[in-house]
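**Student:** have a look; sequence and predicted model below, questions after that.
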Amino acid sequence: MLRLAVQKSGRLADQTLAFLRACGLSIQQSPHGLTATCPGFPLDLLFLRSKDIPEIVADGGADLGLCGEDVLVERGCEALEVIERLGFGRCRLSLAAPTEIDLDGARIATSYPRTLGRWLEARGTASTLVDLSGSVEIAPSLGIADAVCDLVATGSTLAQNGLTEFETVLRSEAVLFGRVLTDDKQDILDRLLLRVRSRLAAERTRYIVMNAPRTAVERIRTLLPGLKTPTISPLTDPDWVSIATVVGLDVFWETMHALKEAGAVGILVMPIEQLVL
Ligand code: AMP
């Protein structure tokens, strides 16, 4: 049995459960809501406060953890390694201030004193850190700091508080991390990773099916990297075929444009649940 620590409540909690379900795990929460089992797969979930997750994994209370990379970096445990970046909960740890300032000698309010401290040290900047556990963005208006270092996703909270972002200290997203496991547990982790990686690959791709005149097939094939080669099936009209393949989201609209120019019509686009490579 493998034990995975996840956020109990908060910004990542719902997305974490949705992601695990999309990995084909069914999740049955215990009546008190502190743990869950995954019937059909040897994984237990442990629901914790984000900030406790790295430490509990490092101490052996859980085998794996899932939280924002910002928390993992801030709590910094040597024995823990990022296993997979999960693509949700994206944000950045940024410096912001009401006006342009010189960081040297400035007072910076943050809930990330270790991460910011290391970043400043690497730059040889001597600032004073004001360690706050929340509502960091109001510190300049209270006169207790000249700048803040806080998590930003859209920037709207900073803007509401009259702060302008001027430097990114860290980019973060939800990560799966862990420590060295016994062979038995590593075997379960490998099976979990097949699901996780298949889901991540699926999220980055779409399945497309289109009709095209036979005369366009060679041109269209050159436009489709696909997994190997596209599936080409005959249609009742002998001059036309149906072509099916997968396309990466990173090149999706360029590919759609090129396919249309090459003569493809009626391009159906479908989400993929899992892409097992
Ligand atoms: P919570 O415990 O609810 O505050 O969740 C905070 C976690 O959500 C952080 O550790 C980040 O990894 C992630 N996150 C994503 N976007 C943001 C954001 N705009 N502000 C704060 N946390 C964010």
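**Tutor:** Perfect, I can see it now.
**Student:** can you name the residue of the stretch 151-277 of the chain nearest to the ligand?
**Tutor:** Proximity of the stretch 151-277 of the chain to the ligand (Cβ to the nearest ligand atom) peaks at A153, 3.2 Å away. (Each C-beta comes from the backbone N, C-alpha and C, glycine too.)
**Student:** from R85, how far off is that residue?
**Tutor:** Separation of A153 from R85 (Cβ to Cβ, to the nearest Å): 16 Å.
**Student:** repeat that for G40.
**Tutor:** 26 Å.
**Student:** for those two, indicate the residue with more neighbours.
**Tutor:** Remark: of G40 and R85, R85 carries more neighbours, 15 against 9, as counted by other Cβ atoms under 10 Å.
**Student:** mind listing residues that contact the helix or strand bottoming out on mean pLDDT in the chain?
**Tutor:** One helix or strand of the chain scores below all others by mean pLDDT, DSSP states H and E: helix 156-160, with a mean of 93. Residues from elsewhere that reach helix 156-160 (Cβ atoms under 8 Å, 6 or more residues apart in numbering): S94, A96, E137, V148, D150, V152, T164, E165.
**Student:** not counting residues beside it along the chain, what's closest to the most far-flung residue of the chain relative to its centre?
**Tutor:** Distance from the C-alpha centroid of the chain peaks at P238, with 45.9 Å (Cα atoms, centre = their mean). Nearest non-adjacent residue to P238, counting by Cβ to Cβ, 6 or more residues apart in numbering: R214, 7.9 Å away.
**Student:** pretty sure the one you found sits against W240.
**Tutor:** Yes - applying Cβ atoms under 8 Å, one finds R214 in contact with W240, separated by 6.7 Å.
**Student:** wait, what's in contact with the residue nearest to P238?
**Tutor:** P238, D239, W240, V241.
**Student:** run through these and flag the ones next to the ligand.
**Tutor:** Applying Cβ under 6 Å from any ligand atom, the subset of the contacts of R214 adjacent to the ligand is empty.
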